[in-house]
Every structure is written in structure tokens, then in C-alpha cells.
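*Asks:* 3D, please:
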Amino acid sequence: MKSFALALLGLACLPAASHAAGLQKDLDRLVAKGAPGAVLSVRHGDHTQQLASGLADRDAGTKMRPAHRVRIASLTKSYTATIVLGLVGEHRLALTDSVEQRLPGLVPNGSGITVRQLLNHTSGLQDFELDPAVLEPYLGGELDHRWAPRDLVKIAVAHPPLFAPGTRYSYSNTNYVLLGLIAEAVTGHSLEEELRARIFTPLRLRATSFSSAAAMPAPFAHGYRVFDQPPASDITGLNPYPWAAGAIVATAHDAARFYEALLGGRLLDRRLMREMKTTVENPGGDFKGQRYGLGLESFPTHCGVAWGHNGDIPGYLTYAFVSADGRDLAVLTVNQDAHSLPPGAGEAFYALIEKAYCG
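*Replies:* Modelled structure (predicted):
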């Protein structure tokens, strides 16, 4: 009887093993198409897989491993939104509060922009990344240059509004820098302290950190970017200047655990999760029909809607897909940004995140 039960268990494991082998081949194919290295974290129910391929450091020949940390870029927005919505749940902040109420005098039309409009990118504020002055120090080789968050906001609001608040959607890192400043103003703590107390420590995300410094905790994957022409340059030391909009460093597995907890209801109550999942159209998304909520995106896939976020910063590209209940998820990261990946690698990346999520 015991041997029969073990045989059945072995048969049950075959599909999972076969699926993992297929994903590993796809990950290897992604690297063969031009990505320096890649890590994939997948969960379906009680089955988890951590896969890696390629190199974490081309010069040293260091192989990529699931334990390597990367800059997860705009996935940071989901974490920042979780802090802000937590304050809403504690009645210390309201989605209808204006920017002027919370940060007096910082934004010229701040009385007409609400916290909700910052969260879902309907504020009409210019993205500071579109101003050449922001990137000038980095393009000049000063990779560790640090912009103060308020200075980034001042650069953004020197431009006229793109549209009246609440009338359209336009993705802007400025919105999330303002949300970080609001969280600090409400709590009296740094955003790093709030992230640690509300998310990193309770979830035991030991491979996750937030810092305005350029240095990354070891072990980390080097980040690469092609500028005018190949080969790719190592820009690991680039300062994470987007701050609350994109400064978190984590492993793919830690990012997966965060989204599992978030969608599983461990960080926000049902009412706040409904707010987070209230979306507006995102016409510029990588996936047709992609929409944006409050720090959370919805992605149409062939197996239904996936929630999560994408992150693209010089040197790194990361996507997180997670089911509405947090039980099924996939996080895929490569150590080269989308803008400089070879076309074939970019296509392979988007196909793989959907395949890994859908199982």
C-alpha cells in the first residue's frame, strides 16, 4: 500500500516537474535572445518554483541565481500605494484629500488634485523623467547623483498640467513621489521606516530594501543598458532617483511574496482592496486592455485577468502577475531594461510572464 501511495505521489509530481522544465527552457531561450540574465518565481497553489538563467555579472562570469537582488523599479508603486491606503484605513488620510491639504504650497494646482488621482495617474502632472534636466547628470557619467524628492516635484510642476485633474490618464512618477512625501507628512516617519514597519518586517522580506543610495545589498545582479549601440554598459551604480516611484531592491521571490500577501488580504482589508482594484484605462500599456488601479495594474491574459505591476528602470525589467486571491503568481525579471533589450528578447519576456502565470 505504501509503495502504491508513493507511486501515485510520483505521478502527481510529473506535471509540475514537466512544467518547470518547460519554463526553464523558455528562460534559457530568453537569455539566448539577448537578455544578460533572468530569474522567474512562480507559484500555483502550493507549488512554487524558483528558476534562473544567464549571468548576474558579465565581467566576472557570475551565474544568475534566484537569490540575486535587482531593482524592481515601478513595482515600488504597489508598495507605496499599500502604505498610503493603510493610512486611509486608519482614517489618517482620505482618498479625497487634496495635495494642497497635505503638502501646502508644493504643487501650484494642488488644491484640485486628490490622493486618488495621484494613485491612479489621473492628476495631469508632468512626469519629471521627461525633463532632460533630470537625466543630464546620469548621462554625463554622474551615476550616483541623488535628486531630493521635492526637487523632482519642482521640476515636474514647472511644466504646465497635461490636462484637468481626473479627466484623463497619464503615467507619471511625479504622482508617487508626492504620495511618498504625503505618507511622510502624515506619519512623521521616513518612507523607508514605514515600508519596513508595515511590509518588509511583518512579511519577513529579508531580501527587500528601500534606499536613496546607489549601492545595492549583496548578492545583486548587475544591471545593463545599451545606449547608442551595443555592447551594453554596466549601470548598476545608477542612483534610484525615482524614490517612492521606483527605489525598492528585492529578489523575484520576495516581490512574489509581497504580491501574494497583498492580493491575499494580509495587508489591506476588503474595502481598500476594492479601491485598489478600481481601474481606469491605460492606453499605453504593454498588454492590450491593460488598466490601472491604485498602485495596481490589471493585465488581460489568455487565462483571465492578472493583477500586479511592471517595472522598467535603466538596467532592469520586472513584471509581476498575480491572481485576485494571491494563490497563483509569476514574477519575471531580467537585468537589462526593456528599452535596450533586443526585440526578440522583449517579445520572449512578455510571452514568458503570461505563460508562467497561466500555467
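*Asks:* okay, now Val334: neighbour count?
*Replies:* 34 (other C-beta atoms under 10 Å). Just so you know, the C-beta spots here come from the backbone N, C-alpha and C atoms, and that holds for glycine as well.
*Asks:* what does Ala21 give?
*Replies:* 11.
*Asks:* so how far is Leu294 from it?
*Replies:* 38 Å (C-beta to C-beta, to the nearest Å).
*Asks:* Also Asp312?
*Replies:* 20 Å.
*Asks:* Which of these two has more residues huddled nearby?
*Replies:* More crowded of Asp312 and Leu294, by other C-beta under 10 Å: Leu294, with 28 against 18.
*Asks:* contacting residues for the nearest residue to that one once chain neighbours are set aside?
*Replies:* Excluding the flanking residues, the one nearest Leu294 by C-beta to C-beta, 6 or more residues apart in numbering is Leu119, at 4.0 Å. Contact analysis of Leu119 by C-beta atoms under 8 Å, 6 or more residues apart in numbering lists 81, 84, 95, 175, 179, 293-295.
*Asks:* can you map out the helices along the stretch 51-200 of the chain?
*Replies:* 76-89, 99-102, 115-119, 132-139, 149-157, 173-187, 191-195 (DSSP state H, counting those that start in this stretch).
*Asks:* Tell me which of those sits nearest to Pro342.
*Replies:* Pro342 lies closest to helix 132-139 among these, at 22.2 Å (C-beta to C-beta).
*Asks:* Just checking the distance from that closest one to the centre of its chain.
*Replies:* Here helix 132-139 is found 22 Å from its chain centre; the criterion is C-alpha atoms, centre = their mean, to the nearest Å.
*Asks:* Just the angle for that helix relative to helix 149-157, thanks.
*Replies:* Helix 132-139 runs at 130 degrees relative to helix 149-157, counting by axes from the mean of the first three to the mean of the last three C-alpha atoms, to 10 degrees.
*Asks:* tell me what helix 132-139 is packed against?
*Replies:* helix 149-157 (3 or more C-beta pairs under 8 Å, 6 or more residues apart in numbering; DSSP states H and E).
*Asks:* Could I get the buried residue list for the helix it packs on?
*Replies:* Going by neighbour count (16 or more other C-beta atoms under 10 Å), the buried part of helix 149-157 is 149, 152-153, 155-157.
*Asks:* Dump those residues into CSV; add distance to Arg204 and pLDDT as well.
*Replies:* CSV is the format used below for the buried residues of helix 149-157 (distance: C-beta to C-beta, whole Å; pLDDT from 0 to 100):
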residue, distance to Arg204, pLDDT
Pro149, 28, 98
Leu152, 32, 98
Val153, 33, 98
Ile155, 37, 98
Ala156, 36, 98
Val157, 39, 98
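*Asks:* any idea which of the residues you listed is closest to Leu267?
*Replies:* Relative to Leu267, the closest of these is Pro149; by C-beta to C-beta it sits at 23.6 Å.
*Asks:* In this structure the closest one contacts Trp243, no?
*Replies:* Yes: counting by C-beta atoms under 8 Å, Trp243 is a contact partner of Pro149 at 5.1 Å.
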